[in-house]
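Engineer: I would like to see how this sequence folds:
(one chain, ligands or ions: 2)
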Amino acid sequence: MTEAMLDVQDLYKIHGGSGEDHPVLRGVTFRVEPGEFVCIMGPSGSGKTTLLHLLSGLDEPSAGQVHLGGVDLTHAGERRRTVVRRDQVGYVFQFFHLMPNLTVEENIGLPLAIAGRSVKSQSGRITELAKTLGIEERLGALPHELSGGEMQRASIARALIGGQPLLLCDEPTGNLSQAAGREVMEELRRACDDEGRTVVLVTHSPRDATFADRVLLLVDGEMRAEEELRGPGLTEDDIHAALNRASI
Ligand SMILES: Nc1ncnc2c1ncn2[C@@H]1O[C@H](COP(=O)(O)OP(=O)(O)O)[C@@H](O)[C@H]1O
Ligand SMILES: [Mg+2]
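Structural biologist: Ligands and ions are numbered 1, 2, ... in the order given. The predicted structure follows:
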């Protein structure tokens, strides 16, 4: 068996504070192979964002293990996790997390700067990505001057610029029109098909899910293996039917 991009074993997460005894994730186990495009769907509050944080090493599980590109994140330590995340993961945050005092162009280039790479030499690529995502007119703007959709597109460009092998995308079309959302999905599919990147997408949109090779359902803190859908050729009807069966 080739090495998985992600190998997730029996993952539990109990958030501190309220609801201490109630795990959000309860024994989540799955693999994602290199070059796969996997979609995760589940009700609001089912732990999708929590799961993506654990997959990227942004947060630590209460129990269980995540291997990312063969590295055991659970036992890696903070510094190693940071390096693995920088080198391996492009992340589209649900709530963008743009740096408020940097322009859109600087925000998009930030992963390059953090990795010690020349932002200037990549300015053509930044412009190209901004064009693809329809924000080339906004490169000089500050985040507070943007609409929600523009912030989302800037955060997608920032996740794509570094060329990391794994893209973790948390509801990346949630603030976009149908047409803009479709363009983003086509871009993610292209990153997978043409560049061999692995995509893990969280979405509520059956339309978005049709772009995936595989759809996993997260319900009551567990992956519903019996509802796993495999492409190619998944239709929105297939996905609606699976969501209905799982009462989502
Ligand atoms: N940092 C946190 N501290 C305490 N509870 C949290 C935290 N993050 C998320 N939760 C809770 O965990 C549950 C799952 O949240 P989340 O992962 O954001 O779900 P989803 O992305 O599927 O909507 C929710 O009940 C949420 O309130
Ligand atoms: Mg979420």
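Engineer: contacts and neighbour counts: CA atoms only from here.
Structural biologist: Noted.
Engineer: Look through this structure and tell me its longest helix.
Structural biologist: Longest helix of the chain, by residue count under DSSP state H: helix 178-195.
Engineer: So for that helix, mean pLDDT?
Structural biologist: The average pLDDT within helix 178-195 is 96.
Engineer: Output the contacting helices and strands for it.
Structural biologist: strand 198-202 (3 or more CA pairs under 8 Å, 6 or more residues apart in numbering; DSSP states H and E).
Engineer: residues from this protein in reach of ligand 1?
Structural biologist: Residues of the chain lying close to ligand 1 by CA under 6 Å from any ligand atom are 15, 16, 17, 24, 44, 45, 46, 47, 48, 49, 50.
Engineer: low-confidence ranges in the protein?
Structural biologist: By pLDDT under 70, the low-scoring segments of the chain are 1, 17-20.
Engineer: what residues are up against residue 163?
Structural biologist: Each residue near residue 163 by CA atoms under 8 Å, 6 or more residues apart in numbering is listed here: residue 90.
Engineer: check which helix or strand covers it.
Structural biologist: Assigned by DSSP states H and E, residue 163 belongs to neither a helix nor a strand.
Engineer: show me where the protein has strands.
Structural biologist: Ranges of strands in the chain, per DSSP state E, are 6-13, 25-32, 37-41, 63-68, 71-72, 89-92, 166-170, 198-202, 214-219, 222-223, 229-230.
Engineer: would JSON lines of those strands with mean neighbour count be doable?
Structural biologist: Shown next, in JSON lines, are these (neighbours: other CA atoms under 10 Å):
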{"stretch": "strand 6-13", "mean neighbour count": "20"}
{"stretch": "strand 25-32", "mean neighbour count": "19"}
{"stretch": "strand 37-41", "mean neighbour count": "24"}
{"stretch": "strand 63-68", "mean neighbour count": "22"}
{"stretch": "strand 71-72", "mean neighbour count": "16"}
{"stretch": "strand 89-92", "mean neighbour count": "25"}
{"stretch": "strand 166-170", "mean neighbour count": "24"}
{"stretch": "strand 198-202", "mean neighbour count": "26"}
{"stretch": "strand 214-219", "mean neighbour count": "23"}
{"stretch": "strand 222-223", "mean neighbour count": "20"}
{"stretch": "strand 229-230", "mean neighbour count": "16"}
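Engineer: I'd like those as TSV, with distance to residue 156 appended.
Structural biologist: TSV is the format used below for those (distance: least, CA to CA, whole Å):
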stretch	distance to residue 156
strand 6-13	21
strand 25-32	21
strand 37-41	16
strand 63-68	21
strand 71-72	25
strand 89-92	6
strand 166-170	8
strand 198-202	12
strand 214-219	21
strand 222-223	26
strand 229-230	25
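Engineer: what distance separates the start and the end of stretch 119-139?
Structural biologist: 14 Å (CA to CA, to the nearest Å).
Engineer: Would you check the distance separating it from the middle of the chain?
Structural biologist: How far stretch 119-139 lies from its chain's middle: 21 Å, per CA atoms, centre = their mean, to the nearest Å.
Engineer: Verify the stated contact: residue 168 with residue 91.
Structural biologist: Yes - counting by CA atoms under 8 Å, residue 168 touches residue 91, with 4.9 Å between them.
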